[in-house]
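*Asks:* Here is a sequence with its predicted model. Questions after.
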Amino acid sequence: MAKSILNKKSLTFLENYLNNAAPTGYESEGQKLWMEYLKPYVDTFITDNYGTAVGVINPKAKYKVVVEGHADEISWYVNYITDNGLIYVIRNGGSDHQIAASKRVNIHTKNGIVSGVFGWPAIHTRKSKEKEQSPSLDNIFIDVGCSNKEEVLKLGVHVGCVITYPDTFFVLNENKFVCRALDNRMGGFMIAEVARLLKENKKKLPFGLYITNSVQEEIGLRGAEMITHTIKPNVAIVTDVCHDTTTPMIEKKTEGETKIGDGPVISYAPAVQNKLRELLIETAEKNKIPFQRLAASRSTGTDTDAFAYSNGGVPSALISLPLRYMHTTVEMVHRNDVENVIKLIYESVLKIKDGQSFNYFD
């Protein structure tokens, strides 16, 4: 393979894919972009009623290998509209109330996007003798420039409308990708690149490969939980993001030490099947792909858990992309890590044999 995996077409797709809003439960427009990009590299697609999309190579093969990421981004819902036209919200996924104040927002309505802002009182007015208030779910609100509830409703905004941030993709210092929703549309992007490389390098697989972009991960791994029963895979390699723990206010004693630029992160956890994990590690070592290790206590908190504990137990493993500032609008990853995650998944897929057993007693 060429030294640089990503090309101009890849990066154009990545930017378009990231800039498109795909909040949990409303991923379908992003899925259509993803499927259009993936189309030349797969034989067919599977979709389900909630929006998970799967590109399949060798759909007739009995042995099935999944590579998976998730498509959804965190967001907000309109929860309550006051008489004077202000909007209070609830979470759709793990949205961070502390970053909301003074952010611009897009409210998605049947009439299109309605712009708004998370208002916040000026510093001059916050002169309480008690401890200064911080943003919380109780006090953050959206202002769409209306003076009463009727004006808000006339715009098409109602309880249940989903709200996203408009922040778009950019590159910092040549090799840091920054955007909202890198968690985990980077995963969908990276598995699509694996399919592209297999096609461009004319690799013939002896099994079926299911490139799976699951929905609703952010509210409990729900899309993966659904699609794994449809696919019934024999093996699953999942990719998601994990924390760069080298920035301020993160305690390495509890979070471990992982850093952007130092390579893909391979997890140790009960849901991670040991033989499959060792295949990933051996592949990384053989191909001189730098990697880091991460320990999880009870669960990985990723779609790995959904695949592992389905269908009587599916050998599953997790390759994570280290990321700074998770669940903010300035999530950041290193281009080298993106390329190395793609390379590690690609090389690992090529190492799996048709019908391979990962049973500990074989």
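*Replies:* Yep, that arrived.

*Asks:* can you pull out the helices in the stretch 201-350 of the chain?
*Replies:* Under the criterion DSSP state H, counting those that start in this stretch, the stretch 201-350 of the chain contains helices at 222-231, 252-255, 274-286, 303-308, 335-351.

*Asks:* The fourth one packs against which elements?
*Replies:* So that's helix 303-308. Helices and strands touching helix 303-308, by 3 or more C-beta pairs under 8 Å, 6 or more residues apart in numbering; DSSP states H and E, are strand 64-70, helix 222-231, strand 235-243, strand 316-323. The way it works is simple: take the backbone N, C-alpha and C, and place the C-beta from them, glycine included.

*Asks:* re earlier: kindly compare burial across the helices of the stretch 201-350 of the chain and name the winner.
*Replies:* helix 303-308 (a mean of 28; mean count of other C-beta atoms under 10 Å).

*Asks:* Centre of the chain to it, how far?
*Replies:* In terms of C-alpha atoms, centre = their mean, to the nearest Å, the centre of helix 303-308 is found 14 Å from the chain centre.

*Asks:* quick check: mean pLDDT across it?
*Replies:* For helix 303-308, mean pLDDT rounds to 98.

*Asks:* Ok, stretch 271-281 next?
*Replies:* The average pLDDT for stretch 271-281 rounds to 98.

*Asks:* Repeat that for stretch 187-194.
*Replies:* Mean predicted confidence for stretch 187-194 is 98.

*Asks:* Okay, buried residues for stretch 135-144 please.
*Replies:* Buried residues in stretch 135-144, defined by neighbour count with 16 or more other C-beta atoms under 10 Å: 135, 140, 141, 142, 144.

*Asks:* Sitting in strands, which of the residues you listed do you find?
*Replies:* 141, 142 (DSSP state E).

*Asks:* thinking again about what came up before, and the helices of the stretch 201-350 of the chain as JSON lines, adding distance to residue 87?
*Replies:* Listed next are these as JSON lines, based on distance: least, C-beta to C-beta, whole Å:
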{"stretch": "helix 222-231", "distance to residue 87": "26"}
{"stretch": "helix 252-255", "distance to residue 87": "34"}
{"stretch": "helix 274-286", "distance to residue 87": "45"}
{"stretch": "helix 303-308", "distance to residue 87": "32"}
{"stretch": "helix 335-351", "distance to residue 87": "36"}
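
*Asks:* Ok, which of these comes nearest residue 295?
*Replies:* helix 252-255 (10.4 Å; C-beta to C-beta).

*Asks:* For this protein, which residue occupies the most central location?
*Replies:* residue 184 (1.2 Å; C-alpha atoms, centre = their mean).

*Asks:* Confirm that one sits in a helix?
*Replies:* Yes: the assignment for residue 184 by DSSP: H, G, I helix; E, B strand; the rest coil puts it in a helix.

*Asks:* who touches residue 299 in this structure?
*Replies:* The contact partners of residue 299, taken as C-beta atoms under 8 Å, 6 or more residues apart in numbering, are 269, 270, 271, 305.

*Asks:* which residue sits closest to the first one, ignoring its sequence neighbours?
*Replies:* What that stands for is residue 269. residue 296 (3.7 Å; C-beta to C-beta, 6 or more residues apart in numbering).

*Asks:* wait, that neighbour sits on residue 277?
*Replies:* No: using C-beta atoms under 8 Å, residue 296 is not in contact with residue 277, being 11.9 Å away.

*Asks:* Mutual contacts of the two, please.
*Replies:* Joint contacts of residue 296 and residue 277 (C-beta under 8 Å, 6+ apart) are 267, 268.

*Asks:* Specify the local secondary structure of residue 160.
*Replies:* coil.

*Asks:* try residue 130
*Replies:* coil.

*Asks:* so how many other residues sit close to it?
*Replies:* When neighbours are counted by other C-beta atoms under 10 Å, residue 130 registers 5.

*Asks:* what's the answer for residue 24, then?
*Replies:* With other C-beta under 10 Å as criterion, residue 24 counts 25.

*Asks:* Tell me the confidence at it?
*Replies:* 98.

*Asks:* got a list of what it touches?
*Replies:* Taking C-beta under 8 Å, 6+ apart as the test, what residue 24 contacts is 72, 73, 74, 75, 92, 93, 215, 216, 217, 218, 219.

*Asks:* which one is it nearest to, not counting chain neighbours?
*Replies:* That would be residue 72: by C-beta to C-beta, 6+ apart, it lies 4.2 Å from residue 24.

*Asks:* Please verify my assumption that that neighbour contacts residue 29.
*Replies:* No: contact criterion C-beta under 8 Å: residue 72 and residue 29 do not qualify, at 11.9 Å.

*Asks:* what comes up buried for stretch 102-111?
*Replies:* 103, 105, 106, 107, 108.

*Asks:* mind checking the SS state of the second one?
*Replies:* Just to be clear, that refers to residue 105. strand.

*Asks:* Could I get the contacting residues of it?
*Replies:* By C-beta under 8 Å, 6+ apart, the neighbours of residue 105 are 76, 115, 116, 117, 118, 142, 163, 164, 165, 166.

*Asks:* Turn the residues you listed into CSV, including pLDDT and distance to residue 223.
*Replies:* Formatted as CSV, the contacts of residue 105 follow (pLDDT from 0 to 100; distance: C-beta to C-beta, whole Å):
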residue, pLDDT, distance to residue 223
76, 98, 20
115, 98, 29
116, 98, 28
117, 98, 31
118, 98, 28
142, 98, 28
163, 98, 21
164, 98, 18
165, 98, 22
166, 98, 24
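
*Asks:* Quick check on the residues you listed: which are buried?
*Replies:* Buried among those (16+ other C-beta under 10 Å): 76, 116, 117, 118, 142, 163, 164, 165.

*Asks:* May I have the strands that pair with whichever strand or helix holds the fourth one, each with its orientation?
*Replies:* Counting by DSSP states H and E, the secondary-structure element that holds residue 118 is strand 112-119. The pairing partners recorded for strand 112-119 under DSSP bridges are strand 104-109 (antiparallel), strand 141-143 (antiparallel).
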